[in-house]
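Visitor: Provided below for reference: sequence and predicted model.
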Amino acid sequence: MNMALSNDDQIKEIIVIGAGVVGLTTALKIQEQGAYRVTIVAETLPTDPKSSRYTSHWAGAHHVSHAYDDQRQRKLDQDTFHALWQLSEPGGAAEGYDLTDAEWLHYMPDFKYLDTNELRGPAKMGFSFSTVTMNTPVYLNWLMSSFLAKNGTILRVSLQHIGQLLERGTSPYTGAHSYRDVDAIVVCAGLGARSLGGVEDKDVYPIRGQTVLLRAPWIKFGRTMTEADGTYTYTMPRSNGDVLCGGTRVPNDWYPIPRPEITEDILARALQLTPELAPPQTRVDREPTVKDLRPIIIEPGCGLRPGRKGGIRLEVEWVDAPARGKVPVVYNYGHSGYGFLSSWGSASMALDLLEGALTTGAPTNADICVGHPSGNPGN
């Protein structure tokens, strides 16, 4: 017989769906408040072998905002930057985990416009600043270990419908005879929000990105160039000596492995942007070519960013739980290429929505969503 345990009035039972950078950060942010018992439910985890099913591993993840005139996205990005900057400072919680008119970027440390003679390729304008760059596999594992160290629980579950968590919490997946009713669910399912029962958001679509990881420990700076036709090229160094080069943004492309011809194109663009990628001795003798980069290739990669028409979904709605009335479901997904860039900012907003829902209770018309709409279609 399954038996419901009474929830401590001071401790609420929260389930976060998804263990990408958004899910992990949101779970950690909620957990840090101290009034919640948080469980992450996910099908794939940072410790799994790399694949296109888990996009966060493949991200470049340096903090360079593309919010432009989207005020909500600006706030999410700025809040995230300040959180990451603090985490990466000497003595910060994530020290050593590799967090190393453009008016929307003026808040960045050491921001300055570049002179014409400093521009690269076809660039008409450029700027430089100090920021953080994340070694994404290492950073994701830091998020997960931090969550577990604070008594968080992670369950590997192939969830079909959010309703599977509403009746007896996670007990169907743990085999426990006793359970606690879930007080709220937070959906951070990324691209999975398109097919997850109870969500099935058809505004969610893949934006395929491809990268090449090089071994180039002599590179100590990053460069990014966005061209008029949308071509986006970047080189992002990591503290371990690797450099991630990219990239591509192709909507509605589900192809799950790197295409060789795209790898070649990325290498050519990256070398044009950052000739210093070639081994130093090569550059002394002659002009470097793509052939000089082949010996230092670690791996090509690709991931499917969770794009969403209308931008990030940050809102709460109330759904029926068997024999219990209504339970709040907070949505925090659709970050596209902004997952790492806005993770802490959107986690804070999701926490505000969660606490507001738990404080006020279900509205009379519980079908009405309360949230923060955005006009940014994603990146």
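Guide: Here it is on my side, so go on. Residues are numbered from 1 along each chain as shown.

Visitor: how near is the residue lying closest to S146 once chain neighbours are set aside to F147?
Guide: Excluding its sequence neighbours, the residue lying closest to S146 (Cβ to Cβ, 6 or more residues apart in numbering) is L28, at 6.0 Å. Heads up, the C-betas are built off the backbone N, CA and C, glycines and all. Plainly put, L28 is 5 Å away from F147 if you go by Cβ to Cβ, to the nearest Å.

Visitor: Same check on N240?
Guide: 23 Å.

Visitor: Tell me which of those two has more neighbours.
Guide: F147 (24 against 10; other Cβ atoms under 10 Å).

Visitor: Run through the residues that contact the more buried one.
Guide: 24, 27-28, 31, 38, 40, 154 (Cβ atoms under 8 Å, 6 or more residues apart in numbering).

Visitor: can you check T44 too?
Guide: Counting by Cβ under 8 Å, 6+ apart, T44 has contacts 19, 51, 53-54.

Visitor: returning to what we had before: what about the contacts of F147, which are in helices?
Guide: The members of these that map onto helices under DSSP state H are 24, 27-28, 31.

Visitor: Got the phi and psi for the residue most central in space within the chain?
Guide: When Cα atoms, centre = their mean is applied to the chain, the residue found nearest the centroid is G339 (2.5 Å). The phi and psi values for G339, taken as degrees, to the nearest 10, are phi -60, psi -60.

Visitor: what sits against the residue nearest to it when sequence neighbours are not counted?
Guide: In space, and not counting its chain neighbours, G339 is closest to V21: 4.9 Å by Cβ to Cβ, 6+ apart. Residues in contact with V21 (Cβ under 8 Å, 6+ apart) are 56, 59, 136, 139-140, 143, 339-340, 343.

Visitor: Report the two of those residues separated the most.
Guide: Within the contacts of V21, two members stand farthest from each other by Cβ to Cβ: A59 and L143, at 13.0 Å.

Visitor: In terms of neighbours, single out the busier of those two.
Guide: Between A59 and L143, counted using other Cβ under 10 Å, A59 has the larger neighbour count: 27 against 22.

Visitor: Show the contacting residues for that one.
Guide: Here A59 is in contact with 21, 134, 136, 303, 339-340 (Cβ under 8 Å, 6+ apart).

Visitor: One more pass at 6 Å, please.
Guide: By Cβ atoms under 6 Å, 6 or more residues apart in numbering, A59 lies in contact with 136, 340.

Visitor: From A59, how far out is the residue lying closest to N240 once chain neighbours are set aside?
Guide: Once flanking residues are discounted, N240 sits nearest to N135: 6.3 Å by Cβ to Cβ, 6+ apart. N135 is 10 Å from A59, where distance means Cβ to Cβ.

Visitor: re earlier: where does confidence bottom out across the contacts of V21?
Guide: For the contacts of V21, the weakest pLDDT value sits at A59, with 75.

Visitor: who's Q210 bridged to?
Guide: Legend: beta-bridge partners of Q210 under DSSP bridges are C302.

Visitor: Does it touch G301 like I think?
Guide: No: applying Cβ atoms under 6 Å, one finds Q210 not in contact with G301, separated by 7.1 Å.

Visitor: Closest to A83 out of the ones in helices among the contacts of F147?
Guide: L28 (10.8 Å).

Visitor: so how far is D229 from the residue sitting furthest away from the middle of the chain?
Guide: Distance from the centre of the chain peaks at D285, with 41.2 Å (Cα atoms, centre = their mean). In this view, D285 and D229 are 34 Å apart by Cβ to Cβ.

Visitor: now G198
Guide: 39 Å.

Visitor: between the two, which one's more packed in?
Guide: Set side by side, G198 and D229 show more neighbours around G198, with 17 against 6, by other Cβ under 10 Å.
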